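Engineer: got a predicted structure plus its sequence, pasted below:
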There are 2 protein chains.
Amino acid sequence: MPDDMIVSIAYRFKILSEPMRLKILRAICGGEKTVQEIVNEAQASQANISKHLSMMYESGLVERRKDGLKCYYRLADDNVFKVCGLISKSIENNMKHRLKWINNKNDSLTQ
Amino acid sequence: MPDDMIVSIAYRFKILSEPMRLKILRAICGGEKTVQEIVNEAQASQANISKHLSMMYESGLVERRKDGLKCYYRLADDNVFKVCGLISKSIENNMKHRLKWINNKNDSLTQ
DNA sequence: TTGTTATATAACTAAATAGCTATAAAATAA
DNA sequence: TTATTTTATAGCTATTTAGTTATATAACAA
């Protein structure tokens, strides 16, 4: 993989590396929502959510549709969920691994 | 997905959000390597690589084995590659989408 | 017009961090 | 012992950024 691809992927990861932005994704994973609805679900200030949404829109992670005063945001594609699934699986593996390691240590202490 | 899971996943993404750390993963994707080998491949200072490796080790992304003066690092699991694959696919989709959008705009301008 | 609602943005602050230099630690060799 | 090699870490600086408050923009209603 070339360096510039690495930089692009790293930037995409950076967008996904903020809990508040993942909460936004969680809020819209079932379908498009207005900014206000997302604000309520993610429990943050309107300015903060709006800034995150703008950033996510600029980077192509979400799409939007304006209707009167409201602005509806939705996911650009669903790869992000597969990604989160893999990451959580990886975290799970890691915790199992550490647990096993701790257990082995306890075993050798009690033997 | 509960908030604490979101925080864990966000942290994992954060580790993956630095190009230099992705270069390290690229270096060791074929098997374990010493710190010095990784330094040469990733083209960074020894202190910098060592700091990144320590962080990646602490968070369970890589494992290590010491042998005399050398220290060998390897991937903890290969989910990270599936993740990068999905991300790059997502970036690809996004670029196609934008390209289509630009083409449509050009079409409507030339019509 | 004026007022209200929904969203975006500007300016700021505090906190986090990537990379640097210098040095410590630890294993090996002479 | 002393010297060398490999890796880790401490301390520092400059940059980035999440969240805040205040304000701007823009659509709608009266």
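Structural biologist: Thanks, I have it.
Engineer: okay, now the domains of chain A?
Structural biologist: A:1-77, A:78-111 (automatic domain parsing).
Engineer: could you single out the most deeply buried of those domains?
Structural biologist: Most buried of the domains of chain A by mean neighbour count (mean count of other CB atoms under 10 Å in any protein chain shown) is domain A:1-77; its value is a mean of 16. Every residue, glycine included, has its C-beta placed from N, CA and C.
Engineer: quick check: end-to-end length of that domain?
Structural biologist: With CA to CA, to the nearest Å as the measure, domain A:1-77 spans 23 Å from end to end.
Engineer: give me the distance from that domain to the chain's centre.
Structural biologist: Between the centre of domain A:1-77 and the centre of its chain there are 9 Å (CA atoms, centre = their mean, to the nearest Å).
Engineer: quick one: is it near DNA strand C?
Structural biologist: Yes - residues of domain A:1-77 contacting DNA strand C under CB under 7 Å from any atom of the strand: A:34-36, A:46-47, A:50-51, A:53-54, A:64, A:69-71.
Engineer: any part of that domain near DNA strand D?
Structural biologist: Yes - for domain A:1-77, a contact with DNA strand D is found by CB under 7 Å from any atom of the strand, at A:14, A:18-20, A:44-45, A:47-48, A:51-52, A:55, A:68-69.
Engineer: would you mind naming what in chain A lies close to chain B?
Structural biologist: Within chain A, the residues that sit near chain B (CB under 8 Å from any CB of the partner chain) are A:1, A:3, A:5-14, A:16-19, A:21-23, A:26, A:60, A:76-77, A:79-80, A:82-84, A:86-91, A:93-94, A:97-98.
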